[in-house]
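Trainee: Got a sequence here, can you build the structure:
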Amino acid sequence: MLPRLVQLKGIALDFLFPRWCIGCGKEGDLICPACRRLLPRIMPRVCPRCGKPQSSGVLCASCAGSTAAIDGIRAPFRFDGVIRQAVHQLKYHNLTALAQPLAGLLRDYLAANPLPVEALVPVPLHPRRLKERGYNQSGLLARELGRLTNFPVVESGLIRHRQTLPQARTATLEERKRNIRDAFLCPDATLRDRQVLLIDDVSTSGATLDACAAVLKASGAVSVWGLTLAKEI
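Mentor: Reported below is the predicted structural model:
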């Protein structure tokens, strides 16, 4: 009886508050099938570390000249078009219902491109920013992805204890690294000896994900990969 009631509730809500595609405005899905087919996918080959398109499949020039704590970052899409709109709507305009279809895209990517994972950990917000926004978009994505994949979500495994400037306000990679340095900590040994998959909405330079990975590995995580919905290229 309960699943039937949930289904009826969903039908009633869709009737009272119909959904429109954020890409083309067509009523039905938040991302309609036509717009989904046009999403700006990142195709192989990519840099093994940062996930940027790289025809040779070896480390790109930026990654070859630096060290990193993170084992690799992957993203199914470029930060462009409908994906950019979706991230902005989820992140800044309270359209939290987008977390479900976007997590479905992440699930599809993981199914086709498996990564070592025993626990999902969303990149955390500072408590002050979390209070301002009311939710962590990365946490929403991680919870929906966990529901779809049955991987446990450990939101308490990583804490952002120092408030930083938004990374978008920094101009260079070095500024991003300085801005995010010492911003995270692991409160306990929950993730010791586990394979962690960090979840975030967008990767630009990878500095935030790498800072998270350094803390997680210092606390005993076996491996740390990053999965984001989009990568800025």
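Trainee: And the helices in this structure?
Mentor: Counting by DSSP state H, the chain has helices at residues 2-16, 33-37, 61-64, 81-92, 99-112, 127-133, 137-149, 173-180, 207-218.
Trainee: At the geometric centre of this structure, which residue do we find?
Mentor: For the chain, D200 is the residue whose C-alpha lies nearest the centre (Cα atoms, centre = their mean; 2.3 Å).
Trainee: Now do the same contact list for G23.
Mentor: I31, C32, C35, L38, G81, V82, Q85 (Cβ atoms under 8 Å, 6 or more residues apart in numbering). Where you see a C-beta, it was placed from the backbone N, CA and C, and this is true even at glycine.
Trainee: among the residues you listed, which ones are buried?
Mentor: I31, C32, C35, V82, Q85 (16 or more other Cβ atoms under 10 Å).
Trainee: Could you export these as CSV, including distance to V46?
Mentor: Compiled in CSV, those are given as follows (distance: Cβ to Cβ, whole Å):
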residue, distance to V46
I31, 23
C32, 28
C35, 24
V82, 21
Q85, 24
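Trainee: what about the residue nearest to C186 when sequence neighbours are not counted, how many residues close to it?
Mentor: Using Cβ to Cβ, 6 or more residues apart in numbering and skipping the chain neighbours, the partner closest in space to C186 is S219 (3.9 Å). By other Cβ atoms under 10 Å, the residues close to S219 number 18.
Trainee: Next, the contact list for S219, please.
Mentor: For S219, the contacting residues are C186, A189, L191, R192, by Cβ under 8 Å, 6+ apart.
Trainee: rewinding a little: can you say which two of the buried ones among the contacts of G23 are spatially most distant?
Mentor: Maximum pairwise distance in these, criterion Cβ to Cβ, is 12.7 Å, between C32 and Q85.
Trainee: What count of nearby residues applies to N113?
Mentor: Residues near N113, counting by other Cβ under 10 Å: 12.
Trainee: same check, this time on D193
Mentor: 9.
Trainee: Export the helices of the chain to JSON lines and append columns for mean pLDDT and distance to Q54.
Mentor: Shown next, in JSON lines, are the helices of the chain (pLDDT from 0 to 100; distance: least, Cβ to Cβ, whole Å):
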{"stretch": "helix 2-16", "mean pLDDT": "42", "distance to Q54": "42"}
{"stretch": "helix 33-37", "mean pLDDT": "96", "distance to Q54": "25"}
{"stretch": "helix 61-64", "mean pLDDT": "92", "distance to Q54": "9"}
{"stretch": "helix 81-92", "mean pLDDT": "96", "distance to Q54": "20"}
{"stretch": "helix 99-112", "mean pLDDT": "98", "distance to Q54": "18"}
{"stretch": "helix 127-133", "mean pLDDT": "92", "distance to Q54": "33"}
{"stretch": "helix 137-149", "mean pLDDT": "98", "distance to Q54": "25"}
{"stretch": "helix 173-180", "mean pLDDT": "75", "distance to Q54": "17"}
{"stretch": "helix 207-218", "mean pLDDT": "96", "distance to Q54": "18"}
